[in-house]
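A.B. asks: coords below, sequence missing:
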């Protein structure tokens, strides 16, 4: 069959409208330049230090072991929910030996209110067994050994090492990821890359507590939705404030 002399023009595929990048969770913000101005970064942490001179984890713990367990349980759960569970749990099992005696089925009722509780129960029992068999019942306070424990990834190890003053680690959770992007402290797309960027730009003086300042600021002020810009001590240093306000995403 002969081809038509006037073939129909080929229609180009419709291109999707460009989107602003999501900042892990919550309100989206524009892509900002990096690295940030050093003086502005210094001012950011000076002010956060002024309002939070002694920041610390909000998880309840009494030993390195209970800290490891609490942090492992906190994945995809709030600190409030974890504390409600561990307040009861640690009254019964606050050592690896006691946790093993409790067993996985005995542990589940204590943590059933926390997300992914079955997998977390398996990990807590498994890590408790390893601590007894390989570490004399003590939590090893070095990154490699910590991350070898079931349920203890890089973020969990960073929280533990930072909280115990072993290492000036920065655990990049959703709060740290979001706040770092909004403040243009980082612009990378993954938590590991954001962590690397933060270590490059945060002044050494502030590194030991930077993790806590960013988490707490994100949890209570620079929230995912409707950040409280009007009550923020660093709002004038934030390159995202105008954009968030224009989009109606700031309070």
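C.D. replies: Thanks, I have the structure now. Computed from a predicted structure; not experimentally measured.

A.B. asks: and residue 245, what is it in contact with?
C.D. replies: Contacts of residue 245 were listed using CB atoms under 8 Å, 6 or more residues apart in numbering, and they are residue 229. The way it works is simple: take the backbone N, C-alpha and C, and place the C-beta from them, glycine included.

A.B. asks: measure it to residue 235 for me?
C.D. replies: Residue 245 sits 10 Å away from residue 235, going by CB to CB, to the nearest Å.

A.B. asks: between these two, what contacts are shared?
C.D. replies: Common neighbours of residue 245 and residue 235 (CB under 8 Å, 6+ apart) are residue 229.

A.B. asks: in what helix or strand does the closest residue to residue 90 other than its chain neighbours lie?
C.D. replies: Closest residue to residue 90 apart from its sequence neighbours, by CB to CB, 6 or more residues apart in numbering: residue 66 at 5.4 Å. Element membership of residue 66, judged by DSSP states H and E, is helix 64-73.

A.B. asks: quick check: which element contains residue 159?
C.D. replies: Residue 159 is located in helix 154-163, with elements delineated by DSSP H and E.

A.B. asks: just after that helix, pick out the following helix or strand.
C.D. replies: In N-to-C order, the element after helix 154-163 by DSSP H and E is helix 174-182.

A.B. asks: flag every buried residue along the helix or strand following that following helix.
C.D. replies: Counting by DSSP H and E, the next helix or strand C-terminal to helix 174-182 is helix 191-201. Residues of helix 191-201 classed as buried: 191, 194-195, 197-198, 201 (neighbour count, 16 or more other CB atoms under 10 Å).

A.B. asks: and the pLDDT at residue 96?
C.D. replies: As predicted, residue 96 sits at a pLDDT of 98.
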